[in-house]
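**Q** build me a model:
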Amino acid sequence: MRDVRTAWLSSNTAFRRAGVAAELAKEADLGLSLAHSRYQLGLGSIVELSQAQLQQTDAAICCVNAQPAANFPLTPPVELDDTTPFH
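**A** Numbers count the residues shown, from 1 in each chain. So this is what the prediction gives:
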């Protein structure tokens with residue numbers, strides 16, 4: 001039973017990690033868009049733009065690393081309670 005609980009916790013953690021990684025990627029895309037606009041308007045530097053590009057790349061890597069090794073779509077794990085088998 002302990003193994004089932006551990007597997008459930010791992011699945012739950014992976015699901016949440018993937019969600020956080022996707023949100024991080026979305027924010028990095030927005031940051032890059034803003035940095036690009038600022039650069040085009042002369043309000044930002046090339047360093048700011050390069051840093052935003054690096055953050056976007058890091059976020060994309062984080063998304064890939066958050067996906068399970070089997071590469072299947074993640075679904076929210078069911079909650080374990082007293083009625084769940086193997087609880």
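**Q** any idea how far stretch 20-35 is from the middle of the chain?
**A** Taking Cα atoms, centre = their mean, to the nearest Å, one finds the center of stretch 20-35 at 11 Å from the center of the full chain.
**Q** please identify the buried residues of that stretch?
**A** Ala21, Leu24, Ala25, Ala28, Gly31, Leu32, Ala35 (16 or more other Cβ atoms under 10 Å). For glycine as for every other residue, the C-beta is placed from the backbone atoms N, C-alpha and C.
**Q** what does stretch 61-68 give?
**A** Per 16+ other Cβ under 10 Å, stretch 61-68 contains these buried residues: Cys62, Cys63, Ala66.
**Q** so the second one: helix, strand or coil?
**A** Read it as Cys63. helix (DSSP: H, G, I helix; E, B strand; the rest coil).
**Q** does it touch Ala22 like I think?
**A** Yes: Cys63 is within contact range of Ala22, at 6.3 Å (criterion: Cβ atoms under 8 Å).
**Q** okay, the buried residues of stretch 61-68 in TSV with distance to Leu43 and pLDDT next?
**A** Output for the buried residues of stretch 61-68, formatted as TSV (distance: Cβ to Cβ, whole Å; pLDDT from 0 to 100):
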residue	distance to Leu43	pLDDT
Cys62	28	90
Cys63	29	88
Ala66	33	84
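**Q** how about these in a markdown table, adding distance to Thr6?
**A** Shown next, in a markdown table, are these (distance: Cβ to Cβ, whole Å):
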| residue | distance to Thr6 |
| --- | --- |
| Cys62 | 24 |
| Cys63 | 25 |
| Ala66 | 19 |
